[in-house]
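>>> next comes the sequence, and after it the predicted model I'd like to discuss.
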Amino acid sequence: MASQIHILSSMATKQLLADLVAQFQQSHAQQDILVESVGGVDAARRVQSGEALDAVVLAANVIDQMTEAGHIVAGSRVDLVVSGVYVAVRAGAPRPDIGSETALRQAVLDAGTIGYSTGPSGVYLSKLFERWGIADQIKDRTVQSKPGIPVGTLIAKGEVDLGFQQLSEMMNVPGIDIVGPLPPGLQVMTTFSAGVAATCTRQDTVRELLAFMASADAAEIKRKNGMDPA
């Protein structure tokens with residue numbers, strides 16, 4: 001069997017990459033591939049420390065920063081998916097109106113606790129609350145999930161009443177109801193990209209894998225995982 005390919009990603013693409021690797025291995029059965037998905041902050045730290053990896057899948061801007069720092073091979077970035085932010089509540093709880101910016105702002109103000117992640121969606125929500133002028137008002141009611149812990153699990157446990165995260169990270173969490181996406185004008189789409197790690201010693205094989213992941217053959221898997229092809 002060919003030597004193992006080690007891919008490091010954030011949690012947002014965990015199931016997506018598992019499904020893509022499974023399809024790739026249908027025609028590359030001898031290729032052993034390990035996908036390790038952790039919190040995005042932890043993933044970035046490990047890449048920056050020089051850990052031996054073959055490929056990295058993170059938000060596109062982070063891949064670009066790592067390329068500039070020499071941790072990702074220049075010119076190897078491929079865009080895989082674009083992903084929007086969705087809103088969820090505990091299963092069976094009343095679903096607030098989130099159909100407009102005004103309605104969503106009121107839903108946040110009315111919620112007992114508000115949850116978001118340390119990833120791109122969480123950064124965006126923090127800035128949005130500041131722009132709305134309510135950050136100080138709700139700071140004692142906001143819960144930021146720890147890296148690698150889906151916001152949906154906090155909702156299911158009753159620790160968060162209104163949660164925000166990428167759809168891919170919430171769609172398979174039991175015990176929650178997904179209310180819908182952020183309303184028009186507020187939705188932010190994050191592009192998740194892959195790059196060849198500077199420590200990779202089998203670049204041709206890894207580039208072939210990443211090319212498949214970015215190809216039209218992978219589009220249906222991406223949609224099933226709550227994302228759109230980039």
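Arrived safely. Numbering: from 1, shown residues only.

>>> can you map out the strands along the chain?
2-10, 31-38, 55-59, 78-83, 85-90, 114-116, 142-144, 162-166, 176-181, 190-196, 228-229 (DSSP state E).

>>> number of nearby residues for Val82?
15 (other C-beta atoms under 10 Å). Where C-beta positions appear, they are placed from N, C-alpha and C, glycine not excepted.

>>> quick one: low-confidence ranges for this structure?
1-2 (pLDDT under 70).

>>> tell me where it has helices.
Applying DSSP state H to the chain gives helices spanning 14-27, 40-48, 60-68, 101-110, 120-132, 135-138, 151-156, 167-170, 203-213, 219-224.

>>> before we move on, the earlier item: can you convert the strands of the chain into TSV and add a column each for distance to Gln25?
Output for the strands of the chain, formatted as TSV (distance: least, C-beta to C-beta, whole Å):
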stretch	distance to Gln25
strand 2-10	11
strand 31-38	6
strand 55-59	15
strand 78-83	17
strand 85-90	30
strand 114-116	35
strand 142-144	36
strand 162-166	25
strand 176-181	30
strand 190-196	17
strand 228-229	20
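
>>> what's the closest of those to Asp19?
When the strands of the chain are compared by C-beta to C-beta, strand 31-38 sits nearest Asp19, at 10.1 Å.

>>> out of the helices of the chain, which comes closest to Pro184?
helix 101-110 (8.7 Å).

>>> circling back: any chance of the helices of the chain in CSV, plus mean neighbour count?
Shown next, in CSV, are those (neighbours: other C-beta atoms under 10 Å):
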stretch, mean neighbour count
helix 14-27, 17
helix 40-48, 18
helix 60-68, 17
helix 101-110, 16
helix 120-132, 17
helix 135-138, 12
helix 151-156, 24
helix 167-170, 23
helix 203-213, 18
helix 219-224, 15
